[in-house]
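**Student:** using only what follows, build the 3D model:
(one chain, ligands or ions: 1)
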Amino acid sequence: MQTAEITVKSALVRSRIPGVDYVINPYLGCGHGCKYCYAVFMKKYARRLQGQAWGSFVEAKVNIAQVLRAELARKRQRGRALVASVCDPYQPLEGKYRLTRQCLEALRDYGWGLDILTRSPLVLRDLDILAGAAQVTVGFSIPTDDEAVRRITEPQAPPIPARIAALKRVAEAGIHPWVFIAPMLPMNPARLVEIIAPYADRVLMDALNYRRQVQHLFRKHGWDYALTEEYAAATRAELGRLLGSKVKGARAHE
Ligand code: SF4
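**Tutor:** Residues are numbered from 1 along each chain as shown. So this is what the prediction gives:
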């Protein structure tokens, strides 16, 4: 993994995601390196590590928390921010830099609502901050129940059982836990619902949007069926049906 430090001039980026005013991305690049990642286009914005493969480089925005505090101080109204949208805020480098933690402290201090989306149990390190923040939700991306599929599609991300254990801890801490099933990878829908439903307040879903990116990989493993619109629609319907009676906020991503 190649890493570099960069400085930024802005932290809050306006969002078109429903219910979210801004997004914050403490890192450029993502050490989880998911094969289907929708954020691969961010490579072109790399400042010091140009031309690297997605998942093999990360630039840490080392002054982002200071910049964020200055921006929050200038805002007339409080808002709601998602951390993060084009990187995992708890990717391995966060263990060293603690940039996400510093951003959460700033959002808490200014009374902003915040939503976290991650694949990593490292978020548990920051439960002390989240417990004192306003309107917090913590989402875990769990796109399959199958560890064999996870190992192939998300080789550098934490295992599914570790995410479930962290989801449980978040629920026990009284923080709104949710699950993002996106993309819908090869899975056993009933098994996935069985492991997430006891803890998730809400479940969002989205299809595989960059099929060409994983076409070769999926074919190599005999998952051609999961590349189709039909698979996405049928899986969404099945998950929705299974979740319907168990999780009140189960819906497809808009
Ligand atoms: S964790 Fe998210 S941002 Fe990071 S590589 Fe995976 S899909 Fe992309």
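**Student:** gap between Arg219 and the ligand?
**Tutor:** Noted for Arg219: a distance of 21 Å to the ligand, by CB to the nearest ligand atom, to the nearest Å. C-beta: built from backbone N, CA, C; applies to glycine.
**Student:** and that residue, helix, strand or coil?
**Tutor:** helix (DSSP: H, G, I helix; E, B strand; the rest coil).
**Student:** what count of nearby residues applies to it?
**Tutor:** Arg219 sits with 11 neighbouring residues when counted by other CB atoms under 10 Å.
**Student:** adjust the sequence numbering to begin at 32 for everything that follows.
**Tutor:** That works, and once the first residue is 32, the last one we named lands at Arg250.
**Student:** so how far is Leu258 from it?
**Tutor:** 8 Å (CB to CB, to the nearest Å).
**Student:** ok, now Pro189?
**Tutor:** 25 Å.
**Student:** out of these two, which sits in the busier spot?
**Tutor:** Pro189 (22 against 16).
**Student:** who are the contact partners of that one?
**Tutor:** Arg150, Ser151, Pro152 (CB atoms under 8 Å, 6 or more residues apart in numbering).
**Student:** can you pull the contacts of the first one?
**Tutor:** With contact taken as CB under 8 Å, 6+ apart, Arg150 is in contact with His63, Asp119, Tyr121, Phe171, Ser172, Ile173, Glu185, Ala188, Pro189, Arg194.
**Student:** which of those ranks first by neighbour count?
**Tutor:** Most neighbours among those, by other CB under 10 Å: Asp119, with 31 neighbours.
**Student:** helix, strand or coil for that one?
**Tutor:** Put simply, Asp119 is coil when judged by three-state DSSP.
**Student:** contacts only, for it.
**Tutor:** The contact partners of Asp119, by CB under 8 Å, 6+ apart, come to Cys61, Gly62, His63, Thr149, Arg150, Ser151, Ala188.
**Student:** how about those, which pair is most distant?
**Tutor:** Spanning the widest gap among the contacts of Asp119 are Gly62 and Thr149, at 12.2 Å by CB to CB.
**Student:** comparing these two, which residue is more hemmed in?
**Tutor:** Thr149 (26 against 20).
**Student:** excluding its backbone neighbours, what's nearest the more buried one?
**Tutor:** Tyr121 (4.5 Å; CB to CB, 6 or more residues apart in numbering).
**Student:** ramachandran angles for that neighbour?
**Tutor:** phi -120, psi 30 (degrees, to the nearest 10).
**Student:** check contacts around Leu43.
**Tutor:** Taking CB under 8 Å, 6+ apart as the test, what Leu43 contacts is Tyr53, Val54, Ile55, Leu99, Glu102, Leu103, Ala112.
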